[in-house]
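In: I need the structure of the sequence given here:
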Amino acid sequence: MRRVVCPGSFDPVTNGHLDIISRAAGLYDEVVVAVLINVSKSSLFTVDERVDMMREVTREYGNVKVDKFHGLTVDYCKEHRIPVIVRGLRAVSDFDYELQIAQMNHRMSGVETLFMATNPLYAFLSSSLMKEVVKYGGDISGLVPEVIHRRLVERLRES
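Out: Down below sits the predicted model:
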């Protein structure tokens, strides 16, 4: 079985993330979306909320599994016997950063990294940008799944 991991914080998941996940699901037998527990980063949603949201928006893909992890992605890959990491690239600046990580991951564990160019429709998206736009009353319809949009608006109104 050909397996791949798509790691990230997904705080929240955007249509850009889903584009990469859906394309990976078309190429691999199993795609594990690994939601990062990052204690050094302040998240809007808890890891369990992010896992639940990701499960909800990937439900249509029969070969996508959602899990959570902390630490190094390569350690998660070793523990779960996943030989490939899939990462989306929005711009050249993403490549510079991601290439260093991919090379370190390969040196540490032999795990390969597959880079996918983001669909141009979503190249400008980031979770941080979506949170900022919603915080100031902007419209992000069509940039995140509707269920995520609702939860984002509700959460930011609470704060």
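In: what about the strands in this protein?
Out: Under the criterion DSSP state E, the chain contains strands at 3-8, 30-36, 64-69, 84-89, 112-117.
In: next one: the first one to chain centre, how far?
Out: Just to be clear, that refers to strand 3-8. Centroid displacement of strand 3-8 relative to its chain, using C-alpha atoms, centre = their mean, to the nearest Å, is 8 Å.
In: now do it: everything it contacts.
Out: Residues outside strand 3-8 that contact it (C-beta atoms under 8 Å, 6 or more residues apart in numbering): 17, 20-21, 24, 27-36, 69, 73, 76-77, 80-87, 114. Any C-beta I mention is one placed from the backbone N, CA and C, and that applies to glycine too.
In: pull out the buried residues from those residues.
Out: The neighbour count (16 or more other C-beta atoms under 10 Å) marks 17, 20-21, 24, 28, 30-36, 69, 73, 76-77, 82, 84-87 as buried among the contacts of strand 3-8.
In: now do Met54 against Leu129, distance only.
Out: 19 Å (C-beta to C-beta, to the nearest Å).
In: neighbour count winner among those two?
Out: Applying other C-beta atoms under 10 Å to Met54 and Leu129 shows that Met54 carries more neighbours, namely 26 against 14.
In: ok, residues contacting stretch 145-153?
Out: With C-beta under 8 Å, 6+ apart, stretch 145-153 has contacts from 12-15, 18, 44-45, 49, 53, 56-57, 130-131, 134, 140-141, 144.
In: and it, what's buried?
Out: Pro145, Ile148, His149, Arg151, Leu152.
In: what about the nearest residue to Leu36 once chain neighbours are set aside, how many residues close to it?
Out: In space, and not counting its chain neighbours, Leu36 is closest to Ser9: 4.8 Å by C-beta to C-beta, 6 or more residues apart in numbering. Counted with other C-beta under 10 Å, residues neighbouring Ser9 total 16.
In: I figured Ser9 hits Val35, correct?
Out: Yes. Assessed by C-beta atoms under 8 Å, Ser9 is found in contact with Val35 at 7.1 Å.
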